[in-house]
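[1] compute the structure for the input listed below.
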Amino acid sequence: MRGAQLWSERKRRKKLQLKHRKTGAFIWSFICKVMVLQNTVRKRIGKGDEKMDFNEIVKKDLEFLRKQLAGSKNELAKLPKETLWIEERKKGELFFSVSGDKGERKRKLISKDPDLISKLVRKEYLVNEVEIIERDIETLEKMKRIYTNGYVEPVAANVIKTINKARHRNTYEKYCRSEVERAGKPPIDYKRYSKEIIEWALADYNRSDYRPEDLRHRSSHGLFVRSKSEITIVEKYYEYKIPSRYEEVIERDGIRVIPDFIVPDRYGNFWIWEHCGMPNNPEYLARHKRKIEIYEKMGIVPWKNLIVTYDNEYGSIDVKIIEAEIKGKLL
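    Residues are numbered from 1 along each chain as shown. Here you go, the predicted model:
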């Protein structure tokens, strides 16, 4: 009897070691997946691909694991309360069902009941599966907390926040951004545009100073904008060598407005380019509609001098839409 128990205990330990190795492999696989996807996201900035950040990856994996956990627990609740005990004999294995608490356990031979054996084997499998899933969920939630609280994107807005001179932060923001942007010098097609347009492109302008802390995304030529979709748009301007102004404050007939972009077409006409980044947000969308109405009062309309683009439901913009607007109206 003692030999059978030792054999069973060794078998159980080997099984648990294998499962722990599988769990470790799962977590390591997840970490590698996150690192690869984070790197992919960084490479895709400005290319209009649908992006998935770290928290979204964790969220999807947690949703999958929680569904699996609920299903396993539900199935487990329907299985017999007994547990399975197996003993090795010369003629083969003997199967017993074990019931009761410690000290009062009862064994019943069930070798001739394959249906019950199958259910008890399944039960033991599910018990171990639940243990692994719960451990995985705990690990992923811990990883998410560490990432959320510890990871800081090394963009200008975040770097400036770490400067221990709060009283002069506005000065640092203005200086750091202006120096980076001044060094950028985005490309211009000098053959396409008139002398007046080129002078306009190179001149300083009255840029809005509204919420500078939200200018978190830097283009390849140093322009800081508010969203990844705006990065996608401005990078296309660079690709086609179109000059632009970002958030210039303009006034006409007593009306003051701040367009996302102002860009010229090849004939020297100026276009306002507005991008709606959160169409699923009712409050944001209402402000966007009011802005379009203001443009209409100023004579700025889609059939003449207004381009409007929108993010999709995933928070990104299709590059083909940007290119179609550029080729159809600006080139």
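[2] that's a helix at Lys236, yeah?
    Yes: remark: Lys236 belongs to a helix, assigned using DSSP: H, G, I helix; E, B strand; the rest coil.
[3] element containing the closest residue to it other than its chain neighbours, please.
    The spatial neighbour of Lys236 that comes closest, neighbours along the chain excluded (CB to CB, 6 or more residues apart in numbering), is Ile322 at 5.0 Å. Every C-beta, even on glycine, is put in place using the N, C-alpha and C of the backbone. For Ile322, the element it lies in under DSSP states H and E is helix 319-325.
[4] go on, Arg256?
    Arg256 is located in strand 255-257, with elements delineated by DSSP H and E.
[5] partner strands of that strand and their direction?
    In its sheet, strand 255-257 lies beside strand 250-252 (antiparallel), with partners assigned from DSSP bridges.
[6] and the strand it pairs with, what's buried?
    Within strand 250-252, the residues that count as buried by 16 or more other CB atoms under 10 Å are Ile250.
[7] and it, what's its mean pLDDT?
    Mean pLDDT, taken over the full extent of strand 250-252, equals 89.
[8] list the contacts of that strand.
    With CB atoms under 8 Å, 6 or more residues apart in numbering as the test, strand 250-252 has contacts from Arg256, Val257, Ile258, Pro259, Ile262, Met298.
[9] ok, which stretches of the stretch 1-150 of the chain are strands?
    The residue ranges that make up the strands of the stretch 1-150 of the chain, judged by DSSP state E, counting those that start in this stretch, are 83-89, 92-99, 106-109.
[10] quick one: end-to-end length of stretch 71-91, please.
    The first and last residues of stretch 71-91 sit 38 Å apart, counting by CA to CA, to the nearest Å.
[11] I misspoke; the intended subject was stretch 94-112.
    Taking CA to CA, stretch 94-112 runs 9 Å from one end to the other.
[12] now do the helix or strand containing Ser229: which elements does it pack against?
    Using DSSP H and E, Ser229 sits within helix 228-239. Contact partners of helix 228-239 among helices and strands, from 3 or more CB pairs under 8 Å, 6 or more residues apart in numbering; DSSP states H and E: strand 217-218, strand 261-264, strand 270-276, helix 319-325.
[13] that helix versus strand 270-276: what angle between them?
    Relative orientation of helix 228-239 and strand 270-276, computed by axes from the mean of the first three to the mean of the last three CA atoms, to 10 degrees: 150 degrees.
[14] what's near enough to touch Ser227?
    For Ser227, the contacting residues are His217, His275, Gly277, by CB under 8 Å, 6+ apart.
[15] actually Ala201, not the one I typed
    Listed by CB under 8 Å, 6+ apart, the contact set of Ala201 reads Ile188, Tyr193, Pro243, Pro264.
[16] and of these, the nearest to Glu293?
    When these are ranked by distance to Glu293 (CB to CB), Pro264 comes first, at 24.6 Å.
[17] what sits closest to that closest one if chain neighbours are left out?
    Counting by CB to CB, 6+ apart, the nearest residue to Pro264 once its immediate chain neighbours are dropped is Ile197, at 5.0 Å.
[18] where does that neighbour sit, in terms of helix or strand?
    Taking DSSP H and E as the criterion, the element that holds Ile197 is helix 195-202.
[19] any weak-confidence spans in the chain?
    1-54, 150-158, 160-161, 164-170, 172-185 (pLDDT under 70).
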